[in-house]
Every structure is written in C-alpha cells, then in structure tokens.
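K.L.:
A structural model of the following input is requested.
(2 chains)
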Protein chains: 2
Amino acid sequence: MKLLEDRILRDGKLGEGNVLKVDSFVNHQIDVPFLSELGREFYRLFKDEGITKILTIEASGIGIACLTAAHFGVPVVFAKKTHTNNIFADVYTSSVYSYTHQKTYEIVVSKQFLSPEDRVLIIDDFLAKGSALLALLSLLRDAGAQVAGAGIVIEKDYQDGGKLVRDMGIRVESLARIESMTAEEGIRFCR
Amino acid sequence: MKLLEDRILRDGKLGEGNVLKVDSFVNHQIDVPFLSELGREFYRLFKDEGITKILTIEASGIGIACLTAAHFGVPVVFAKKTHTNNIFADVYTSSVYSYTHQKTYEIVVSKQFLSPEDRVLIIDDFLAKGSALLALLSLLRDAGAQVAGAGIVIEKDYQDGGKLVRDMGIRVESLARIESMTAEEGIRFCR
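P.N.:
Presented below is the predicted three-dimensional model:
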C-alpha cells in the first residue's frame, strides 16, 4: 500500500539494533485518520469473509484493531499480557516470546469472548518472527473459533513469521512488506 | 447518557470487592460501534474547544480514545506504563498508584508528542480516585500543553477523583456517573 510505504519512508526511524520505529504514527502517537484509512484497506481485503470479530493484542494493536473494526461494524477482543501464569478455567492462555524485550509473557483471553461461532480476523501492527501471531492463533484454536486471516500493518519479510503462518494455510495480508532495512541502504519494500 | 447507563445495567457485572466489570463492551471485548457513539458524544461536548490531540493511558483507554479521535480528526497519544524508573531526558514521566493492583507504576510519554502548541483532551474509561487522571495532568503540565478537559466513560462519583480534578478548575465530562453500587441495591446513577 503506497500510502503506508510513503509514510514509513517519511516518518519511520531506524533505531538501535535495526529496529524500525513508527511511534510517531502507529504505536505511541496514533495518527487516527491515517490508521482509519489502513483499516478501510483491511475491510476491502476481508469484507467478503463474514468476519464477526477482530482479535488483537495489547497495547499497540488496539488502535489499529478498533479503527479497522469500525469499518466492519464488529467488536474487538484484545488479548491481555500478564506476567503471571494464568491457568484459570475461564481464560484461554498462550505464550509469546518477545525478541525486543528478550522475555516470555503469557497472553489471556476470557473464554466468554471467543467461541466456535466466531469468524475472526487477527489485526496487529507488526509481523516479524511471528511469536505474537502464533500465540493468537493458538488461542483461536483452543476456542474452536474460525480463522479468517490476519491483517498486518508492517511485515518484516526478511524474518520468517509470515512464511511460517502462510505455510499453515492462513491468509496473511500485510499493508507494507519490508524486504530489507539497513542504516546504509535504508528501507526497501517487496515488489 | 442514557444509552450508556442502560448498557451498564444490562451488561455490567459487580465483581468481588465491589468492582464494576464492563469487560464485555469496554475493556477486554470492545463494542466498537457502541464506543464510537460514546466518542460522538465526547465530540459534541468538546467540539468547540479547539482540540489538537487526545491523550490516554494504555491499555484500556486506547480503544475509546481512538474511536473518539476519529470524530475530531486528531491524533491520539497514549502514555505507556513501565515498571522501571524512566528518568530519561526524552520522556515526560509520572507515577500512578493502582488501587486495583495495589502498586505504583510509572507512565511515560515521549517529549516529541506533547508541546505547548497542543490543546489536549484526556480520554479514559474510568475515573474513581483519580490517580491515573492526575498523572496524565502532570505530564501535560510538564509539557506546557493546554488542557481542554477530560472525557470519562464511567465515573464513580462516590470516590473523590472527580471532585479533586474539578476543584482544580478542569472540565470533566463523564458519560455515566455512578452514585452508589452495592450487591444488594445494584447500581444507581447520579441524577
């Protein structure tokens, strides 16, 4: 999506450890009218899929998930992060390894908000090695919910998360796919 | 706001310790079309205030903040919670005491996203003793930003946060104000 690629080139910053920072418009300050346009694009891509619910993960997924859900007219459920082992009867739980923070945390969703009747679109801001996306898919499998696919704002195509999930037969639509990213050559998108 | 009061009476649950749970439509599952209507009401209340930015706090404030900002056409900045002491030069920081979790945490906002040119509306899901709201006001004061007021989804009027902040001369608009809440008598709203 050219609108997003142009914005990443203009406002994205390459930080230490080759991290792409988009916190001026995606995940600290949220450019709401802009993200609503991205949500409209997710709606265009998935509108015929009979989506009943959008699933994301706190905190940075919530903005884009809500602004996408507004186009679909469906609720958002966000998985909560917890540092304790929540093996309660009333929640689905899964583990995420964060490469950024180099630690594992649990995510939980209350069982009352996911069911086999739900046809779910996962929305998240980033896809790299796929740890968060795989954890969300695991929650949906435990709930017996139907997976319509995943809509990702920025995918790092040079990491293996996207391939892993697509090889499972799951539709993944990323609005910007980064082929490579270096301080010397800048950001290149997949063509 | 009758729409919200009716929804609280229908779907709110009184949990242990007299906690009001609205996680089926506000802060775990988010009823996006419904919260967008609440956002429209905040817009009606504050539309003449020249709002340039909406400030909230992760995670449960992000949904209602984004769905409100969509009516204003302005960005959202969300304060991030951190368990470390972030006394860095590039962030504003403040402390919040969580009565729910009985601990203090720090919140931070990058300095680049709040400035004296900003006229800010604070949006949050709950106001009780006011700890989070006072911390957000402290960030805005440090940034020299103008405070247009605060829009709250549910205020517990029997706790003193709202009075404290209104006594500071700050406009606080709560869409539902709970006068009392007990297992025996249920939920009563201020009239």
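K.L.:
Grab the longest helix from chain A for me.
P.N.:
helix A:32-46 (DSSP state H).
K.L.:
can you give me the mean pLDDT across that helix?
P.N.:
What helix A:32-46 shows for mean pLDDT is 98.
K.L.:
What lies in contact with whichever strand or helix holds residue A:174?
P.N.:
Secondary structure assignment for residue A:174, by DSSP states H and E: strand A:172-182. For strand A:172-182, the surrounding residues in contact (C-beta atoms under 8 Å, 6 or more residues apart in numbering or on different chains) are A:1, A:4-5, A:8, A:14, A:18, A:20, A:38, A:41-42, A:45-46, A:127, A:149-158, A:162, A:165-166, A:187-191. Where you see a C-beta, it was placed from the backbone N, CA and C, and this is true even at glycine.
K.L.:
now the residues you listed: which count as buried?
P.N.:
A:1, A:4-5, A:8, A:20, A:38, A:41-42, A:46, A:127, A:149-157, A:162, A:165, A:187, A:189 (16 or more other C-beta atoms under 10 Å in any protein chain shown).
K.L.:
For residue A:156, list each beta-bridge partner.
P.N.:
Taking DSSP bridges, one obtains residue A:178 as the residues bridged to residue A:156.
K.L.:
Could I have the CA atoms of stretch A:58-68 written out in CSV?
P.N.:
The C-alpha atoms that make up stretch A:58-68 are tabulated as CSV, following Å, rounded to 0.1, in the frame of the first residue of the first chain:
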residue,chain,number,x,y,z
GLU,A,58,-2.5,-5.1,23.9
ALA,A,59,-1.3,-2.4,23.8
SER,A,60,-0.1,-1.3,20.3
GLY,A,61,-2.6,-3.5,18.4
ILE,A,62,-5.7,-1.9,20.0
GLY,A,63,-5.7,1.3,18.0
ILE,A,64,-5.5,-0.2,14.5
ALA,A,65,-7.9,-3.0,15.5
CYS,A,66,-10.6,-0.6,16.7
LEU,A,67,-10.2,1.6,13.6
THR,A,68,-10.4,-1.4,11.4
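K.L.:
Which residues of chain A lie near chain B?
P.N.:
Selection of chain A residues close to chain B by C-beta under 8 Å from any C-beta of the partner chain yields A:23-25, A:28-33, A:35-36, A:58-59, A:62-63, A:66-67, A:69-70, A:73-78, A:80, A:109-110, A:112-113.
K.L.:
Of the residues you listed, grab the buried ones for PyMOL.
P.N.:
The following PyMOL line selects those of the residues of chain A next to chain B that are buried, judged by 16+ other C-beta under 10 Å:
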select buried, chain A and resi 23+24+25+28+29+30+31+32+35+36+58+59+62+63+66+67+69+70+74+75+76+77+78+80+109+110+113
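K.L.:
can you give me the strands in chain A?
P.N.:
For chain A, the strands defined by DSSP state E occupy A:13-15, A:19-21, A:29-30, A:53-57, A:76-82, A:91-98, A:103-110, A:119-127, A:146-156, A:172-182, A:186-189.
K.L.:
Flag whichever of the ones you listed has the least confidence on average.
P.N.:
strand A:13-15 (a mean of 88).
K.L.:
neighbouring strands for that one, and are they parallel or not?
P.N.:
Counting by DSSP bridges, strand A:13-15 is paired with strand A:19-21 (antiparallel).
K.L.:
and the longest helix of chain A with strand A:119-127, angle?
P.N.:
130 degrees (axes from the mean of the first three to the mean of the last three C-alpha atoms, to 10 degrees).
K.L.:
Now for the residue most central in space within chain A: which residues touch it?
P.N.:
Per C-alpha atoms, centre = their mean, the C-alpha nearest to the average position across chain A is that of residue A:124, at 1.5 Å. Residue A:124 makes contact with A:56-57, A:61, A:64-65, A:132-133, A:136, A:150-153, according to C-beta under 8 Å, 6+ apart.
K.L.:
For it, which non-adjacent residue is closest in space?
P.N.:
In space, and not counting its chain neighbours, residue A:124 is closest to residue A:61: 4.7 Å by C-beta to C-beta, 6 or more residues apart in numbering or on different chains.
K.L.:
just residue A:60 next, same as before
P.N.:
Nearest one to residue A:60, counting by C-beta to C-beta, 6+ apart, is residue A:27 at 3.8 Å.
K.L.:
circling back: does the residue nearest to the centre of chain A have any beta-bridge partners, and if so which?
P.N.:
residue A:152.
K.L.:
Now the strand holding residue A:174 - C-alpha only, PDB.
P.N.:
The C-alpha trace of strand A:172-182 is given here as PDB (Å, rounded to 0.1, in the frame of the first residue of the first chain):
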ATOM      1  CA  VAL A 172      -1.900 -13.000   5.800                       C
ATOM      2  CA  GLU A 173      -2.300  -9.600   4.300                       C
ATOM      3  CA  SER A 174       0.400  -7.000   5.100                       C
ATOM      4  CA  LEU A 175       0.000  -3.500   4.000                       C
ATOM      5  CA  ALA A 176       3.700  -2.900   3.900                       C
ATOM      6  CA  ARG A 177       6.300  -5.700   3.400                       C
ATOM      7  CA  ILE A 178       9.900  -4.800   4.100                       C
ATOM      8  CA  GLU A 179      12.400  -6.700   2.100                       C
ATOM      9  CA  SER A 180      15.500  -5.200   3.800                       C
ATOM     10  CA  MET A 181      16.400  -2.500   6.200                       C
ATOM     11  CA  THR A 182      19.800  -1.200   6.900                       C
END
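K.L.:
Good, wrapping up.
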